[in-house]
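Undergrad: Quick one, structure for this:
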Amino acid sequence: MNNSPLQLKRYFVTEISLTANKEFDPKKEIKLGVESLVVAPALLADPSDPRQWQVTLRIQQQPGPEANAPYFSTLEIVGFFRLQDDYPQDKIEWMVQTNATSVLYSAAREILRAAMAQGPYPPVILRTVSFYSPRPEKQRATPAERAAESPK
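TA: Purely as a prediction, here's the structure:
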């Protein structure tokens, strides 16, 4: 096991709302689709140090009545991250977009699960999501390949 080049320094919740659905029927199936979950990340690099980032993740689960969901929820979580000094500059934003959001999402899932566990219905664990997207071709190229592509 190795340390990640991306380290979480601290995080906190800026908004949390959990409402038990009075129309929930425990005898019926819960049908929570991906369309009922809205996840919106916001990334902000520190202007004085591009290796430090603030990441905000807003998660809303507002399913329609056909979903028979036990809860409606909103959570906003903010995390502060730092990348190792030797991590390649051209890969920093991609690393933050992919991994920092994943770290915060995992924390948010547990925060919501714990809050739901105090409610009248069993907790629902938010579905697993991926923030991975392949880096653009230019970022995947080696420095020599990029130099060969640039105009002379």
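Undergrad: show me the residues around Arg10 that make contact.
TA: Gly79, Phe80 (Cβ atoms under 8 Å, 6 or more residues apart in numbering). For glycine as for every other residue, the C-beta is placed from the backbone atoms N, C-alpha and C.
Undergrad: how close does it get to Gln54?
TA: Note on Arg10: its distance to Gln54, by Cβ to Cβ, to the nearest Å, is 11 Å.
Undergrad: what is in contact with the two at once?
TA: Shared contacts of Arg10 and Gln54, defined by Cβ under 8 Å, 6+ apart, comprise Gly79, Phe80.
Undergrad: I'd say Glu15 and Thr74 touch.
TA: Yes. Glu15 sits in contact with Thr74 when judged by Cβ atoms under 8 Å, with a separation of 6.3 Å.
Undergrad: Return every residue with contacts to both of the two.
TA: Arg58.
Undergrad: Ala115 looks like it's in a helix, true?
TA: Yes. In this structure, Ala115 lies within a helix as judged by DSSP: H, G, I helix; E, B strand; the rest coil.
Undergrad: what separates it from Leu83, distance-wise?
TA: Taken as Cβ to Cβ, the spacing of Ala115 relative to Leu83 amounts to 31 Å.
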